[in-house]
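A.B. asks: Structure for the following, please:
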Amino acid sequence: MLQRMREIDADYATTIAHAYCEWVESSGFNWDYCDVVADRLADIFKLDTIDCKAAAILSMANMAVGHNRWYAMGKLMDICASSLDDAIARRIAIEIQVQSAEDRFRAAASIIKRSLDDFHPIIRRVL
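C.D. replies: Coordinates of the predicted model:
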């Protein structure tokens, strides 16, 4: 639905995407709903704007570690892998530092028994 909205009005889709990320950051919801939220954040990541991509990833990291959802942590690690575009990785790295979120990304890797080396090199440098 978000992709269809983007086709109609990209600015409105961006506004909705940011509002959803803020909702994820500020809301409490059932543990079992986290996988649905992670998939929706992955859809937001597919939007064209780098700020939407960064917001989705930071929200996913916060939610995944905060709710101890391995599925969401795996999705986070897969999106932030070495195949990630360098420009997007730089923005995420900046946001990680600004939001002091290094511990969430480290925890995601540790909890699901993956290495920090699985992250994009630019993201890995700030961790």
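
A.B. asks: Next one, pLDDT for the residue nearest the centre of the chain please.
C.D. replies: Nearest to the geometric centre of the chain sits residue 57, at 1.4 Å (C-alpha atoms, centre = their mean). Confidence at residue 57, expressed as pLDDT, is 98.

A.B. asks: Also residue 67?
C.D. replies: 89.

A.B. asks: What is the neighbour count of it?
C.D. replies: 19 (other C-beta atoms under 10 Å). Placement of C-beta: from N, CA and C, glycine included.

A.B. asks: Surely residue 88 touches residue 51?
C.D. replies: No. Using C-beta atoms under 8 Å, residue 88 makes no contact with residue 51, being 10.3 Å away.

A.B. asks: And those two? Which one has more around it.
C.D. replies: For the pair residue 88 and residue 51, the greater number of neighbours falls to residue 88 (19 against 14), based on other C-beta under 10 Å.

A.B. asks: distance of the more buried one from residue 49?
C.D. replies: 10 Å (C-beta to C-beta, to the nearest Å).

A.B. asks: And the helices in this structure?
C.D. replies: Assigned by DSSP state H, the chain shows helices spanning 2-8, 10-26, 34-45, 50-66, 70-79, 86-98, 102-111, 121-126.

A.B. asks: pLDDT of the first one, averaged?
C.D. replies: Along helix 2-8, the predicted local confidence has a mean pLDDT of 69.

A.B. asks: Tell me which of the helices of the chain sits most buried.
C.D. replies: Stretch with highest mean neighbour count among the helices of the chain: helix 50-66 (a mean of 23; mean count of other C-beta atoms under 10 Å).

A.B. asks: counting contacts, what elements does it pack onto?
C.D. replies: Here helix 50-66 touches helix 10-26, helix 34-45, helix 70-79, helix 86-98, helix 102-111, going by 3 or more C-beta pairs under 8 Å, 6 or more residues apart in numbering; DSSP states H and E.

A.B. asks: Please give the centre-to-centre distance between it and its chain.
C.D. replies: The gap between where helix 50-66 is centred and where its chain is centred comes out at 3 Å by C-alpha atoms, centre = their mean, to the nearest Å.
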